[in-house]
Every structure is written in structure tokens, then in C-alpha cells.
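>>> build me a structure from this.
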Amino acid sequence: MIDHIGICVKDYDESKAFYDAALGAIGATMVMTVPEELTNGVKMGGYGHEKPDFWLTGAGDPGPGRHIAFSARSRAEVDAFYKAAMEAGGRDNGKPGIREHYHPHYYGDFVFDPDGNNVEAVCHKPDHERE
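Numbering: from 1, shown residues only. Sure thing, here's the model as predicted:
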């Protein structure tokens, strides 16, 4: 339902390294950057599978309170996202697991990124549906 979303980050390079690892675990890569001469010197890059769905902007103050959930194609991808995010400097906010209060097959994790954004990978498929 969401076409794309973007967040501002304090340190673009640090956040890029974090999201390269975490989103790479669910098959997404940085698919586009905007030339800095078009952004008054601000670094901008978009992640996705084929088009940019999630944008980083190195604009300084990110502000508090954002939550972003990334779709994972399998529970293994949720696990891989969590592992990669933690290894890239994320802070735990909920290990991978079933969250029955959402629905019986909601398998997700929660990690704080370098700016304190609460990011999640989630798979809605039953365990027997692998891909």
C-alpha cells in the first residue's frame, strides 16, 4: 500500500552501512542515489528491489518516534534482517518471533537503527509457506 517512505538521518554513511546490511538480508539494495548537486549537497539514496521504496536523506536532525516495517518473503528473511541489523550496530527492540496479538502468523522483529528509528522486518505467511 505504501509506494515509498523516507527518513532523515544524522550520519548518512553510518545509516547507509546499517541499512545496506539489514535490508540486504531481505534482498533489497540501494537502487538509486540523487546527485548532490540537485540536493544542495545533501546525500540521498533509495533502497528497494526494483525501484526505490525506502529513502535515506542525510539532513541532520532525524526527530523521534518513527516506525517502519519492511516486508520479508519468509521467516528466514526476518531472522536474517535481525542478525544483519544487530551486527551493523542496531539495538534490540524485540527479537524475531510470532506476534499473535497482531495475527497468528505475524512473524517479526524490531530493531533501533543508529538514529533511534524503530525498524522491523515482518512476514505474514504461515511457517509452512516458505517463499
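>>> so the residue lying farthest from the centre of the chain, which of the three states?
Relative to the centre of the chain, and counting by Cα atoms, centre = their mean, the farthest-placed residue is residue 37 at 26.4 Å. The assignment at residue 37 comes out as helix when based on DSSP: H, G, I helix; E, B strand; the rest coil.
>>> tell me the confidence at it?
With respect to pLDDT, residue 37 scores 92.
>>> in stretch 55-69, what's buried?
55, 56, 57, 58, 59, 62 (16 or more other Cβ atoms under 10 Å). In short, each C-beta sits where N, CA and C put it, glycine included.
>>> test my guess that the fourth one contacts residue 12.
It refers to residue 58. Yes - applying Cβ atoms under 8 Å, one finds residue 58 in contact with residue 12, separated by 3.0 Å.
>>> for residue 53, which non-adjacent residue is closest in space?
For residue 53, ignoring the flanking residues on the chain, the nearest one in space by Cβ to Cβ, 6 or more residues apart in numbering is residue 4 at 4.9 Å.
>>> quick one: the one you found from residue 96, how far?
25 Å (Cβ to Cβ, to the nearest Å).
>>> higher neighbour count, those two?
Per other Cβ atoms under 10 Å, whichever of residue 4 and residue 96 has more neighbours is residue 96, with 22 against 12.
>>> for that one, phi and psi?
Main-chain dihedrals, residue 96, degrees, to the nearest 10: phi -60, psi 140.
>>> before we move on, what about residue 82?
Per degrees, to the nearest 10, the backbone of residue 82 is at phi -60, psi -50.
>>> per-residue confidence for the residue nearest to residue 53?
pLDDT at residue 4 comes out at 82.
>>> how about the one 4 residues further on?
According to the per-residue confidence, residue 8 scores 88 in pLDDT.
>>> again with residue 130
pLDDT, residue 130: 54.
>>> do the same with residue 66
Value for residue 66, per-residue pLDDT: 82.
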